[in-house]
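Participant: Got a predicted structure plus its sequence, pasted below:
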Amino acid sequence: MFPDPCGDVLAEGVRQGANSRTVVPDDYFVVRGGTQALPRSGQAFSAHVGPTLEAAASALPYGQIRVTTAGEIRRLGGMVQWVPEYSRHGTLNRQHVHVTEGGTSTFSALRPNPVPKKFRIDGGT
């Protein structure tokens, strides 16, 4: 499932002059992987985006995720900034973002990643 074409669309939008802080549409899913607690409000952290939950969840290797949308983060004064990043295995991930929440977190409780390991970035390695 990785990469979803949305990463190329975001890259093209920025190339055409879109702001990296607004290029991710409000209806895109934002997922944070792993079991660690979320950083406190105002502190930036990594997450991944996509037009569907599966597209966003395929961009990270973790088996547990938290989910929200870009619009919900922004509605509470937070920021979602598109920042491509290389994975631990050297794969360019154009679905990577930095999130800064502006107040109460809108992320869900931990849930299983719906994407099987072999279909996630780097094949789950």
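Facilitator: Arrived safely. Numbering: from 1, shown residues only.
Participant: What lies in contact with stretch 55-67?
Facilitator: Residues from elsewhere that reach stretch 55-67 (C-beta atoms under 8 Å, 6 or more residues apart in numbering): 1-4, 6-7, 28-35, 38, 48-50, 53, 87, 93, 95-96, 107-115, 117, 119-122, 124-125. Every residue, glycine included, has its C-beta placed from N, CA and C.
Participant: buried subset of those residues?
Facilitator: 1-4, 6-7, 28-33, 48-50, 53, 87, 93, 95-96, 107, 113, 115, 120-121 (16 or more other C-beta atoms under 10 Å).
Participant: Looking at those residues, which are in helices?
Facilitator: 6-7, 53 (DSSP state H).
Participant: quick one, what contacts the residue lying closest to residue 25 once chain neighbours are set aside?
Facilitator: Nearest residue to residue 25, sequence neighbours excluded (C-beta to C-beta, 6 or more residues apart in numbering): residue 70, at 6.6 Å. Counting by C-beta under 8 Å, 6+ apart, residue 70 touches 24-28, 30, 49, 80.
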